[in-house]
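Asker: Sequence first, predicted coordinates after that:
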Amino acid sequence: MKNKINLKIPVIIIAVLCCMTAIFFLYEKNVPQKLPQPKRIVQHTDGRELSLEEMVDNATHITDAEYIGYEVDEYGVARFKFKPVNTIMGTFDSDIIYAVTGEKLEEKCTEGKVYMIFLEQIDSVYSDVQQYGFIQPQKKQLTAEDDGWQKQHDDVKAILESNPQLYQNDGEEKTFTLSNDMDEILNCSAHIFKVRVDNVFTESTIAPTTVYECSVTATLKSKPVNDNGNLLINMFNDTVEVGKEYIVLLSDAQESAPVYTLSSRNSVYTPEEAEQIPQLKELLSNAEEYTTVPDNKTNEEILAEEQAYIEEHGIE
Amino acid sequence: MKKKSIVRFLIVSIAATLALSSTVSAKNLSYWSSNCYDIGYMNKSPSLYYKKMDSSSSFPFLTAIQQGRSQWNSALSTSISNPSATNTSAIMQFYGGTKQQIKSLGCFVYVDDGGAGATIYTSENESAIHYYGNQRIIEHKIWGSKSAVLSDVGLSYNNCIKTTMHEMGHALGWYGHASNSSFVMYQGRSSVTTLKSGEKNHLSQIYR
Ligand SMILES: [Zn+2]
């Protein structure tokens, strides 16, 4: 009996030591059950300072506005609230506007004070709220008490007057519609394709969207801009399945290898759904088959191309 | 040894382990080169996903990724994986493209016309408190990141290498910026393409 106990003790001690080691490493590694979402998205943005003229060029709206605080949306993105009191360029539809930046603007601005701010209107079919991008948040933000306040107003006025036509902000024409009316949606759809969803390209963590790699299998309206037919399309989460085909109605893509965006919030249909919509049914009956050419370059091929370019052109 | 003492031994050892685990990670830091008091770390072999959306050969994006990877790996004794164009669940994700392409991805907060690169942590949590002298430093464990490098904003070859290495530094846990303009982690546009010891030390003390 005594012998048995003597054997048990070392076994228990070893077991306890093993448990301790396991607990220690698990604790050290902090392995969470589910990956933690940041409470607040802070984006490190890098680049150069813009001149005042470049800021005016970048802006769709310039205004003196009272900073009234910020709120963080469900994805952790901060929206800074401003109340325009003297608008210098552009017009606003509401009394309070939402400016977005990944910087901690609350460390630069004091609630209740009026700042001269430069904004770029962000039009997105994926967002419920009209938002404005905050230009040059890293700079010191001028208030009426600052020495440069009047001079900056005079300089901006002079820039705007130097080319009134260029800076006349009529509001850019939207490339999407928030309407559910099919004729209206078709009007905004520069491209209509039948595509097969091949892969997830990237999932956004700041919006309810995912970009998919797709292959065009038929064209209903216009041809893909990149003529091999491999498309990147930004879609709402959980609206498509990889491997299946869809009819997609897309906004005008203005560059050579675009990430296509939807022309409305109702711009993705299964072929069966599309058959039920008269306008799409007609387009489908005239659709042209399309063969996508895969363009999967290896890392070695891409590196070789980049090296060849450098060898030919040198490092500027 | 009686049952009672075995139980006591068990309780004491578990309590000691937990206490030790939570205090062992607090460090007294010897270097600080950032303008903010946060710092982060990823695991020592982060997987890397990349997409060169602007495929033009004049945009040396993959060359830049490979240079950044090699220099940060040797600075931190990490092994960032070979860039994969298919591993969409990688902890470190790099997108190279035009301003319009990056904007349309919907993954980044607004970048103005001065922007050349950006990094966000898609998943992170505060993991420890350290001290640099009396200054409290918040350590973050980074579980996921996305970075962008812009191809059409007038970056020279070396500007592009610098920007990519710089974003990789942020992704690995370099919060804030260095005031020394000869550092890759300096914020302004520059052609510095070699990591300096000050910026390597800043981050490697967390990776030890
Ligand atoms: Zn930076």
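Answerer: Looks like it came in fine.
Asker: Might you report the residue contacts of the residue of the stretch 51-200 of chain A found nearest the ion?
Answerer: At 10.2 Å from the ion, A:Gln138 is the closest residue in the stretch 51-200 of chain A, using Cβ to the ion. Glycine gets a C-beta too; all of them are placed from N, C-alpha and C. By Cβ atoms under 8 Å, 6 or more residues apart in numbering or on different chains, A:Gln138 lies in contact with A:Thr45, A:Glu49, A:Glu103, B:Gln187.
Asker: any idea what sits nearest the first one, other than its immediate chain neighbours?
Answerer: Closest residue in space to A:Thr45, ignoring its immediate chain neighbours: B:Ala118 at 4.7 Å, by Cβ to Cβ, 6 or more residues apart in numbering or on different chains.
Asker: again with the third one
Answerer: With sequence-adjacent residues excluded and distances taken as Cβ to Cβ, 6+ apart, A:Glu103 is closest to A:Pro137, at 4.1 Å.
Asker: The last one too?
Answerer: For B:Gln187, the nearest residue in space outside its immediate sequence neighbours is B:His177; the separation is 4.2 Å by Cβ to Cβ, 6+ apart.
Asker: For chain B, which segments are assigned as strands?
Answerer: B:38-41, B:48-52, B:92-97, B:115-132, B:135-150 (DSSP state E).
Asker: Pick the most deeply packed of these.
Answerer: Most buried of the strands of chain B, by mean neighbour count (mean count of other Cβ atoms under 10 Å in any protein chain shown): strand B:92-97, with a mean of 26.
Asker: how about stretch A:99-107: buried residues?
Answerer: By neighbour count with 16 or more other Cβ atoms under 10 Å in any protein chain shown, stretch A:99-107 contains the buried residues A:Ala99, A:Val100, A:Thr101, A:Gly102, A:Glu103, A:Leu105.
Asker: make that stretch B:170-182, sorry
Answerer: So for stretch B:170-182, counting by 16+ other Cβ under 10 Å, buried means B:His170, B:Ala171, B:Leu172, B:Gly173, B:Trp174, B:Tyr175, B:Gly176, B:His177, B:Ala178.
Asker: Output those in CSV; the columns should cover distance to A:Arg265.
Answerer: Formatted as CSV, those follow (distance: Cβ to Cβ, whole Å):
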residue, distance to A:Arg265
B:His170, 34
B:Ala171, 33
B:Leu172, 38
B:Gly173, 38
B:Trp174, 39
B:Tyr175, 37
B:Gly176, 39
B:His177, 39
B:Ala178, 44
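Asker: Can you tell me which of those is nearest A:Glu288?
Answerer: Proximity of the buried residues of stretch B:170-182 to A:Glu288 was ranked by Cβ to Cβ; the top entry is B:Ala171 with 43.4 Å.
Asker: which ones are touching the closest one?
Answerer: B:Ala171 sits in contact with B:Met42, B:Met92, B:Thr119, B:Ile142, B:Ser145, B:Ser147, where contact means Cβ under 8 Å, 6+ apart.
Asker: need the contact list for the residue nearest the centre of chain B.
Answerer: In chain B, the centroid-proximal residue (Cα atoms, centre = their mean) is B:Leu172; its distance is 1.5 Å. The neighbourhood of B:Leu172, defined by Cβ under 8 Å, 6+ apart, consists of B:Gly40, B:Tyr41, B:Met42, B:Pro46, B:Trp72, B:Leu76, B:Thr78, B:Met92, B:Ile142, B:Leu203.
Asker: Surely the fourth one is in contact with B:Ile80?
Answerer: Yes. In this structure B:Pro46 lies within contact range of B:Ile80 using Cβ atoms under 8 Å: 5.3 Å.
Asker: which residues do these two both contact?
Answerer: Looking at what touches both B:Pro46 and B:Ile80 (by Cβ under 8 Å, 6+ apart), the common residues are B:Met92.
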